[in-house]
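K.L.:
Next one to model:
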Amino acid sequence: MLGVEMTDRPGRRLRAGHQGGRAADGDRAAGGSVPGGADLVALLNRVGRGDEDAFSAVYEQVAPTVFGLVQRVLRDPAQAEEVAQEVMLDVWRAASRFEPDRGSPQAWVATIAHRRAVDRVRSAQAATRRDDQAAAQAPEGHDGVAEAVEAKLERERVRRCLGALTELQRESIVLAYYGGHTYREVAGLLGIALGTTKTRMRDGLIRLRDCLGVTA
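P.N.:
Prediction:
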């Protein structure tokens, strides 16, 4: 069943539905004033003046078509029924603005239905894009901050541990590992024997490893 309830002012409500092509709630079966096949232009004119019986007749004539149009766009019966009800609410609210000279009532209603269905699809797509972007960006942003903090802390630890070495150990390690020099080049730059350079660097690296908590 496709049904809709609308309110145009406090205390005034209308429930209309489509159920097997019969009038909802049996209102016209009980002798309602508007036949189901009445001219839609005239009916919409009356709906624009707040005629609830006229709207029920309009509903009976166009609701199945509206549902079919919307379902072809959305391909989801539950969503199609929801959007179709929104379309019928739009018809109720906008009937006074319908202009017969610009097109048929069926085309006017179909335009409303198509616009509503497309809006629902775009809304769903936008929500999906936002979720995907949030999922993709959040971890990256988090990792970027974490890595920057970790790198800074690591640099501070290395600087502190280097400061605990002897001057010769520190100079040897900095020249070799940060300057890219060989043992022989380090020995020449510091003016010490090659064997002494190797010994000082080995002892310095052991102390540095222990200070940084690195397991050999």
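
K.L.:
Could I get the buried residue list for stretch 113-126?
P.N.:
Judged by neighbour count using 16 or more other C-beta atoms under 10 Å, the buried positions of stretch 113-126 are A113, H114, R116, A117, R120. (Each C-beta comes from the backbone N, C-alpha and C, glycine too.)

K.L.:
With stretch 196-203 instead?
P.N.:
T197, R200, M201.

K.L.:
Reformat those residues as a markdown table; add distance to T166.
P.N.:
Putting the buried residues of stretch 196-203 into a markdown table (distance: C-beta to C-beta, whole Å) gives the following:
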| residue | distance to T166 |
| --- | --- |
| T197 | 13 |
| R200 | 8 |
| M201 | 11 |
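
K.L.:
What is the nearest of these to V66?
P.N.:
V66 has its nearest neighbour among these in M201, at 83.0 Å by C-beta to C-beta.

K.L.:
can you pull out the strands in this protein?
P.N.:
Assigned by DSSP state E, the strands in the chain fall at 2-9, 12-19, 22-23.

K.L.:
what's the model's confidence in the first one, averaged?
P.N.:
Strand 2-9 shows a mean pLDDT of 46.

K.L.:
Just the mean pLDDT for stretch 205-216, thanks.
P.N.:
75.

K.L.:
So which bits of that stretch are buried?
P.N.:
Judged by neighbour count using 16+ other C-beta under 10 Å, the buried positions of stretch 205-216 are L205, R207, L208, C211.

K.L.:
quick one: which of these is nearest to P77?
P.N.:
C211 (68.3 Å).

K.L.:
That closest one and A164 touch, don't they?
P.N.:
Yes. In this structure, C211 is within contact of A164 by C-beta atoms under 8 Å, at 6.0 Å.

K.L.:
Just the ones in helices from the buried residues of stretch 196-203, please.
P.N.:
Assigned to helices by DSSP state H, the following of these qualify: T197, R200, M201.

K.L.:
mind putting those residues in a markdown table, pLDDT included?
P.N.:
Below are those laid out as a markdown table (pLDDT from 0 to 100):
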| residue | pLDDT |
| --- | --- |
| T197 | 87 |
| R200 | 87 |
| M201 | 85 |
